[in-house]
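Peer 1: sequence plus predicted model, see below.
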Amino acid sequence: MSRPARIEVEAAGHLGHVFASRRPAGAAVGAPAVVLIHGIGVSHRYLQRLHGQLSESVDTYSIDLPGFGATPTPEHTLTAAEQATYILGALEQLGVLEFVAVGHSMGVQFAVEAQRQQPSRIPYLVLMGPVVNDQRRTLAQQALALGRDCLFFESPSSNALVLTDYFRCGLSWYLKNLRIMMDYRLEERIRGVDAPVLVLRGANDPIAPADWCRRLVDRGARSQFLEIDGTGHVVQHNRAAEVAASILAFAGIAADESEAPQGFTA
């Protein structure tokens with residue numbers, strides 16, 4: 001796979017980066033693009049393995065949202081809805097009018113808001129490691145879960161990517177966004193999603209436990225649940241091939257759906 005093209009895009013008054021890989025010859029024709037949306041403090045870098053897997057079959061885009069990665073910090077902290085508006089505007093400028101939105105961790109909140117804002121553009125929604133668990137909503141509980149995940153369930157490479165991006169993000173900007181993340185009620189907002197939803201987690205993920213993910217599935221009109229064995233929160237890095245196959249099969253894009261892990265449940 002060739003390196004994705006980095007495109008600087010200003011939308012809704014904010015500047016971000018979009019990393020684009022166009023459909024290769026012989027890939028699925030007429031399929032919607034797949035857009036990968038990172039979580040708090042991080043960037044497209046921990047999505048690179050998944051991006052590479054998906055780009056073998058479909059147009060794939062990863063985003064560094066305003067204030068993250070190497071993008072300028074906005075003058076004010078953007079809400080989930082404002083980040084969603086940026087995503088939709090940036091992709092529209094690039095001619096991406098229909099896409100599968102794939103959010104990870106806090107990126108799930110942005111993906112949900114994007115689908116609620118312009119449902120006709122997002123026919124499928126994938127929520128990986130969704131936050132924040134409605135039964136563990138304190139900062140102390142979230143910090144403990146993150147620590148357990150890093151110590152026991154992540155690979156050295158996923159920890160290195162996440163921690164170096166946290167350092168680049170900076171404590172002040174991280175804490176401002178943490179308040180946005182903690183206040184967001186995903187269990188309520190998902191009721192307004194008008195699209196099939198796949199809730200996906202690493203089977204060892206202490207941040208997005210199975211009971212929480214199943215509660216989200218129960219609240220979605222057309223939702224499915226899938227666990228990927230042998231990994232924690234950063235499932236898309238540690239099990240990129242399995243996650244990619246699952247996304248493509250869920251969205252009806254995969255040429256051979258037998259490659260996807262079995263076990264989608266309603």
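Peer 2: Looks like it came in fine.
Peer 1: tell me which stretches of this protein form strands.
Peer 2: For the chain, the strands defined by DSSP state E cover 5-11, 14-21, 33-37, 60-64, 99-104, 124-128, 197-202, 223-228.
Peer 1: so which of those strands comes closest to R185?
Peer 2: Checking the strands of the chain against R185 by C-beta to C-beta gives strand 124-128 as the closest, at 14.3 Å. For glycine as for every other residue, the C-beta is placed from the backbone atoms N, C-alpha and C.
Peer 1: quick one: strands adjacent to the closest one?
Peer 2: According to DSSP bridges, strand 124-128 has the following sheet partners: strand 99-104 (parallel), strand 197-202 (parallel).
Peer 1: name the residues that touch stretch 77-88?
Peer 2: 11-12, 14, 16, 35, 37, 63, 65-67, 101, 106, 109-114, 116-118, 121, 173, 176-177, 179-180, 184 (C-beta atoms under 8 Å, 6 or more residues apart in numbering).
Peer 1: list the buried residues for stretch 203-216?
Peer 2: Within stretch 203-216, the residues that qualify as buried are N204, D205, P206, I207, A208, P209, W212, C213, R215, L216, counting by 16 or more other C-beta atoms under 10 Å.
Peer 1: nearest residue to the first one other than its sequence neighbours?
Peer 2: It stands for N204. F153 (4.3 Å; C-beta to C-beta, 6 or more residues apart in numbering).
Peer 1: please list all residues in contact with that neighbour.
Peer 2: Contacts of F153 by C-beta under 8 Å, 6+ apart are G202, N204, D205, P206, T231, G232, H233.
Peer 1: about what we covered before: so which of the strands paired with strand 124-128 is the most packed in?
Peer 2: strand 99-104 (a mean of 28; mean count of other C-beta atoms under 10 Å).
Peer 1: ok and that strand relative to strand 60-64, angle-wise?
Peer 2: 50 degrees (axes from the mean of the first three to the mean of the last three C-alpha atoms, to 10 degrees).
Peer 1: okay, the closest residue to L216 other than its chain neighbours: pLDDT?
Peer 2: The spatial neighbour of L216 that comes closest, neighbours along the chain excluded (C-beta to C-beta, 6+ apart), is V199 at 5.3 Å. For V199, the pLDDT comes out at 98.
Peer 1: okay, now the unreliable bits of the stretch 1-150 of the chain?
Peer 2: 1, 24-29 (pLDDT under 70).
Peer 1: and for G30, the neighbour number?
Peer 2: G30: 5 surrounding residues under other C-beta atoms under 10 Å.
Peer 1: re earlier: from A203, how far off is the residue nearest to N204?
Peer 2: As judged by C-beta to C-beta, to the nearest Å, F153 and A203 stand 9 Å apart.
Peer 1: sweet, I'm off.
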